[in-house]
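Visitor: from the sequence below, what's the structure:
(chains A and B, ligands or ions: 4)
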Amino acid sequence: MHTEPLDGPIRRHVRVEGVVQGVGFRPFVYGLATRLGLAGRVGNDAGGVFVEVEGTPAGIAAFLAALERDAPPLAEIERVTVRSGEPDGGGEFTIVGSDGSGPRQALVSPDSATCGDCLTELADPADRRFGYPFINCTNCGPRFTIVRDVPYDRPNTTMAAFPMCAACAAEYADPGDRRFHAQPISCWDCGPRLRLVDAHGAELPGDPLRAAAALLRGSGVVAIKGLGGYHLAVRADDEAAASTLRARKHREDKPFAVMVPDVETAAALCELDEGAVASLTGRARPIVLLPRRGAATGRLPGAPAVAHSVAPGDRRLGLMLPYTPLHHLLLAELGTTIVLTSGNVSDEPIAYDDADALERLAGIADAFLVHDRPIHIRTDDSVVRPFLGREAVLRRSRGHVPDPVRLSRPARRPILACGAELKNTFCLVKGRHAFVSHHVGDLENYETMRSFVTGIDHFTRLFDVRPELVAHDLHPEYLSTKHALEMTGVDSVGVQHHHAHIASCLADNGEEGPVLGVAFDGLGYGADGTIWGGEFLLADLVSFRRLGHLAPVPMPGGTAAIRQPWRMAAAYLDAAYGGGPPEGLDVVRRNEAAWADVLRLGRAGVNSPTTSSAGRLFDAVSAVLGLRDTINYEGQAAVELEQHADPAEHGAYRAGVSAGRPVVVAGADLVRAAADDLLAGVAPAVVAARFHNGTADVVVRVCEMLRDESGVSAVALSGGVFQNLLLLGRVAKGLNASGFRVLTHVRVPPNDGGISVGQAAVAAARDHLPETARE
Amino acid sequence: LAHGAGGKATHTLIEGVFLESFRNPVLEPLEDGAVIDEMAFTTDSFVVTPLFFPGGDIGDLAVNGTVNDLAMCGARPRYLSAGFILEEGFPIAHLRRITASMAAAAEAAGVHIVTGDTKVVERGKADGCYVVTSGVGTLERPTRLSAAAARPGDAVIVSGPIGEHGITIMLARGELDIQADLTSDTAPLNELAARLLDACDDGDVRCLRDATRGGVATVLNEIAEASKAAIVVNEDIIPVRPDVRGACELLGIDPLYVACEGRMVAIVSQASAEAALTALHSHPLGREAAIVGRVNDDPPGLVLLKTAFGGTRIVDLLVGDPLPRIC
Ligand SMILES: [Fe+3]
Ligand SMILES: [Mg+2]
Ligand SMILES: [Zn+2]
Ligand SMILES: [Zn+2]
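Guide: Numbers count the residues shown, from 1 in each chain, chains lettered A, B, ... in the order given. Ligands and ions are numbered 1, 2, ... in the order given. Here you go, the predicted model:
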């Protein structure tokens, strides 16, 4: 090693890894180095960004300190490594061109909402991009949704078809410009154009934006091509338009999301805390589920009306702010809030391909506001909500993908985790990075299954991962399981569904366990071949033991019992009252025609698998209370039960708990208490609350029993049922009060959208075991 | 138990054990029966609870099942053998009822039962009575039918309403006490198949399959896989009797997966599709035959269902007993 003079020039080689390409990192480094009077160079390579800086030790120290601190907004720095070099005499600081060779390590960044600078230009009549619906820069705009391949360069994006004009090219080449190497930049002269077309694809006359706004004002339904797919829009205050949209989409009750022009409007409609504001205004711009201002908080003056059909029976609203220039322009033109819901029929995947969208949405939309920048990969809006001041993700898609989740230890081999059947995501692991896919959807749908297969393909190319280990659910009929088992030349590892849920929560919190895992969901295939879903596990990333569960009850008619919660009411009432339910229960009367048949079906066990599912318990109570006998979207009965509960009620039903092991929780006790209260004239809102409180109580009680014998005092809460905020809040509070450390989901969804992450974490952990110990 | 349910487990068993041990060019295509020279040869074992059910009994099933397997090869069924495995103490009166049904079914199908065998096993085994039938038929037409012969553009025909047999059996077990006016669809398909083949040009009927265990969904998957083609069917057009639909809704069962014993799936060239349908309609067993879908080139090996809302659902081969997948 050579010695360096104390104050003479020194040289440092700096490597920056993470999301550092296509985010303005080189111009940032250039600006920083030039300001500090340093010499050297900066460039992209397949591993990220490399920098060589030369100057005084003080200058270099200032440079290194600012490198991470002042990095551009879209950069996600994972690692900075610095080594010494030999000074070569300085000179100018330069930016060097891209190098496409070598293994691909650099990360593609997620799509980002239009930045403040671009918004200023958009509104400035003197700017050459005034009113241009596709304005973007290095700090904002489309990324993941337009990337076809890596390295992230314009020819590898769907912008390849738009050669830059001289003015754009000059900005692109100027290290001092905000648009230096911004791949998707364009302008009125060279970029994508907006068009308004009718249901046959024929262009409509007039300014597309103004004409679209006029259609919306006149109660029309307009399909709008967004970043990751097509949306359907109607005015949010227009009951006729909203109900027309529901009828045409065959979407009966599932809430619509609403786009509001600004935070002030959001605050007028819903209760916002700091976390909510941060979620609404952040770069990802998800749909944020928020409590509406109700009777207690009062309507604020200036709050726009929201039609009943937008989110019937829900005390929450899903709000989002505009995230593309097109949204900003349209809302400004319209001067009101709009419903912005996925462009699809019923449960189909959201349309993103132009020809396909026109065909599939022709019967729904009166007109299409479209453009000619193709969407390469379908990416739904993300959905989040504030929980205890933090953002908790329910659907992780646009704006987050493909940011990886970081595993606590690097994987030994590249891993593909195929995820669940519904709300499917898949996950690719390379080293420490778990690249969770965008929301893929319900695989039984052929379009969705196809995008699952092509999506895996896309990710393996993008991240240069060739999976050697493939993780899958244990459910033999999941199409994701079948896909995994059909892959050749790989090792496969089955991960139990609820173990995956708990592991996903551990991974989300950067932990490895052991932990007491409470996995409450609709259902998952159990290690014993029955259907689980109300589970208490002692788990780490490698393995689990089932220490407790809800008492199994039959699901009369299998899948039919999921679609018809009243069947679960029948099964639970049968378990609760040996000699038949008491007279006068309205759920029995409403379903009289098939009640006896369904009971016999469940008792005989004909197509009636037994389940310990917590979701089915919530379904049963929802039906008993007369809220939902039949659902038309997943989880509806439980959602309405939560929405109906009186949060001020603190009474709780008591569920019996068995003395043996595993601990068995008598869910039927809660159903009996609910039915008795209901018959005694207690208000359903109070009954719903007491049921929630009773469920929370028994979760805490069981955790206490299990802590005593296992010595483990950390609890992870996972599974779709914990999307229920009332339940989650009361369970977390009870556990905290009892001295538990509580892990909840933050960036990984608690529902089946998180299963792939859990599978990946388990597969990676097991792969570190000696060969003989791997299952 | 899942290995007998007609889904993927059965396939794994057949391909992994039997084909592995017995591999030869005649067995290899795994059609309903073997075609040797100008003969078709098939065998089938019958295990059913209850033995007697509305519309038939194990005897009808045993004769019709083997007759149908021969008919699905395009053969004229001629001679059957019958083997009986009886539980000690099985009432002679019941056996008489079964043999009488077999005689009547043979007569109706125009076949002769020419040889047989009987074994008696201990009490508690054989559920009363098992029947094994084998049969030979003569191939009198040049057309060779094969599950691998479906081509893009071909029509997919179902010969009548589906699911009656399976649902009838479920209800006849008596655990449910559900009232439904249902009888098994067990019937010989040889005449119906002959009419269909007569009405079409040589080679235009690509494949015939009786939709027994695993129902129409399983048969379509077998054809799609063997032909490396896609099969797309329309949910709205598939004939299902209201009583069957009602019972399926109550039981939570998809009629596409329910066994039939007198219904077949025919893959027929586009050119002959209408003629085929007319021929089927002319026979009492084919009155409600319908073109329910098409063969496509993509995606190979998959069966897709166009739903009422215009969605497209994957109709997969079941690995075992159907278990809910949704949350
Ligand atoms: Fe789950
Ligand atoms: Mg057979
Ligand atoms: Zn910008
Ligand atoms: Zn330009």
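Visitor: for the rest of this, base every contact and every neighbour count on C-alpha atoms.
Guide: Noted.
Visitor: can you tell me how far residue A:201 is from ligand 4?
Guide: Applying CA to the ion, to the nearest Å, the value for residue A:201 to ligand 4 is 27 Å.
Visitor: so who does residue 159 touch?
Guide: I'll assume chain A. With contact taken as CA atoms under 8 Å, 6 or more residues apart in numbering or on different chains, residue A:159 is in contact with A:146, A:183, A:184, A:373, A:374.
Visitor: if you could check chain B rather than the one you did, that'd help
Guide: Contacts of residue B:159 by CA under 8 Å, 6+ apart are B:263, B:264, B:265, B:266, B:280, B:285, B:286, B:287, B:288, B:289, B:290.
Visitor: who does the second one form a beta bridge with?
Guide: If I follow you right, that is residue B:264. Here residue B:264 sits in beta bridges with residue B:210, as judged by DSSP bridges.
Visitor: neighbours of it, just the number please.
Guide: Counted with other CA atoms under 10 Å in any protein chain shown, residues neighbouring residue B:264 total 27.
Visitor: how near is whichever residue of the stretch 51-200 of chain B sits closest to ligand 3 to residue A:594?
Guide: Residue of the stretch 51-200 of chain B nearest ligand 3, by CA to the ion: residue B:152 (50.1 Å). Here residue B:152 is placed at a distance of 44 Å from residue A:594 (CA to CA, to the nearest Å).
Visitor: pLDDT weak spots in the chain?
Guide: Just going to use chain A. A:1-6, A:98-106, A:295-301, A:774-775 (pLDDT under 70).
Visitor: hmm, I had chain B in mind actually
Guide: By pLDDT under 70, the weakly predicted segments of chain B are B:1-10, B:321-322, B:327.
Visitor: ok, residue B:152 and residue A:594, which is more surrounded?
Guide: Neighbour tally, residue B:152 and residue A:594, criterion other CA under 10 Å: the higher count belongs to residue B:152, 17 against 13.
Visitor: would you verify that residue B:134 is located in a helix?
Guide: No - Residue B:134 is assigned strand when assessed by DSSP: H, G, I helix; E, B strand; the rest coil, not a helix.
Visitor: was I right about residue B:239 contacting residue B:164?
Guide: No - using CA atoms under 8 Å, residue B:239 is not in contact with residue B:164, being 11.0 Å away.
Visitor: which of the two has more neighbours?
Guide: residue B:164 (27 against 20).
Visitor: using a markdown table, please lay out the contacts of residue A:159 together with neighbour count, secondary structure and distance to residue A:81.
Guide: Below are these laid out as a markdown table (neighbours: other CA atoms under 10 Å in any protein chain shown; DSSP: H, G, I helix; E, B strand; the rest coil; distance: CA to CA, whole Å):
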| residue | neighbour count | secondary structure | distance to residue A:81 |
| --- | --- | --- | --- |
| A:146 | 24 | helix | 31 |
| A:183 | 24 | coil | 27 |
| A:184 | 28 | coil | 30 |
| A:373 | 22 | coil | 38 |
| A:374 | 20 | coil | 38 |
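Visitor: nearest to ligand 4 among these?
Guide: For these, the nearest to ligand 4 is residue A:184 (10.5 Å; CA to the ion).
Visitor: phi first, then psi, for the closest one.
Guide: Dihedral pair for residue A:184: phi -90, psi 10, per degrees, to the nearest 10.
Visitor: I'd guessed it sits against residue A:144; true?
Guide: No - using CA under 8 Å, residue A:184 makes no contact with residue A:144, being 11.3 Å away.
Visitor: who's the closest residue to chain B within the stretch 301-450 of chain A bridged to?
Guide: Nearest residue of the stretch 301-450 of chain A to chain B, counting by CA to the nearest CA: residue A:445, 4.6 Å away. Assessed by DSSP bridges, residue A:445 has beta-bridge partners residue B:313.
Visitor: so it makes contact with residue B:312?
Guide: Yes - Residue A:445 lies in contact with residue B:312 (CA under 8 Å); the separation is 5.8 Å.
Visitor: for the longest helix belonging to chain B, name the packing helices and strands.
Guide: Taking DSSP state H as the criterion, chain B has its longest helix at helix B:92-109. Helix B:92-109 sits against strand B:56-57, helix B:58-72, strand B:112-121, with contacts defined as 3 or more CA pairs under 8 Å, 6 or more residues apart in numbering or on different chains; DSSP states H and E.
Visitor: just name the most buried of the ones you listed.
Guide: helix B:58-72 (a mean of 29; mean count of other CA atoms under 10 Å in any protein chain shown).
Visitor: neighbours around the residue of the stretch 301-450 of chain A closest to chain B, how many?
Guide: 20.
Visitor: for residue A:305, same thing?
Guide: Residue A:305 has 13 neighbouring residues, counting by other CA under 10 Å.
Visitor: for it, which non-adjacent residue is spatially closest?
Guide: Once flanking residues are discounted, residue A:305 sits nearest to residue A:237: 5.0 Å by CA to CA, 6 or more residues apart in numbering or on different chains.
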